[in-house]
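Student: For reference, the sequence and a predicted model appear below.
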Amino acid sequence: ASDQLSAILVAMPILRKKCQWRQIIEAGDKARKLAAGVWVDPVLPFLKGMALERLKCTEQAANHLEESIAMKPGFRQAHLEFQQAASELDDVERCRRVAQL
């Protein structure tokens, strides 16, 4: 399982560069399943959230981006993506709360 997780962590940024959003979501789901339902790295929910945002699944995107931020509060890129999603949802209060993490 750890080899598969490592491969997913390597593959996801490549998929991002190629704008392969659906494959990123599938890879993220597989990584979480391999790790018994937890994220092993904050990049995984970040990339899944980013992919969901690009596919206009804004609420789900915000949830995954928020998970990424909770794991690594200083993850600036996750904060930026989350703010975008929360703005689209017009959820100012949630934006403020997450900004304080």
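Tutor: Here it is on my side, so go on. Numbering: from 1, shown residues only.
Student: what's the longest helix in this structure?
Tutor: helix 2-17 (DSSP state H).
Student: After that one, which helix or strand is next?
Tutor: helix 21-34 (DSSP states H and E).
Student: After that next one, which helix or strand is next?
Tutor: Next along from helix 21-34, by DSSP H and E: helix 43-54.
Student: Report the distance from the next helix or strand after that next one to the chain centre.
Tutor: Tracing the chain past helix 43-54, the next element assigned as helix or strand by DSSP H and E is helix 58-71. Centroid separation for helix 58-71 versus its chain: 6 Å, with CA atoms, centre = their mean, to the nearest Å.
Student: got the angle between helix 58-71 and helix 21-34?
Tutor: 50 degrees (axes from the mean of the first three to the mean of the last three CA atoms, to 10 degrees).
Student: quick one: contacts for the spatially most central residue of the chain?
Tutor: Centroid check for the chain by CA atoms, centre = their mean gives F46 as the closest residue, at 2.2 Å. Residues in contact with F46 (CB atoms under 8 Å, 6 or more residues apart in numbering) are H64, L65, S68, F75, Q77, A78, E81. Yep, even glycine has a C-beta here, placed from its N, CA and C like the rest.
Student: Let's see that with 6 Å instead.
Tutor: S68, A78 (CB atoms under 6 Å, 6 or more residues apart in numbering).
Student: So which bits of the longest helix of the chain are buried?
Tutor: Buried residues in helix 2-17, defined by neighbour count with 16 or more other CB atoms under 10 Å: L5, I8, L9, M12, L15, R16.
Student: Need the max-distance pair from those.
Tutor: With CB to CB as the measure, no two of the buried residues of helix 2-17 lie farther apart than L5 and R16, at 17.2 Å.
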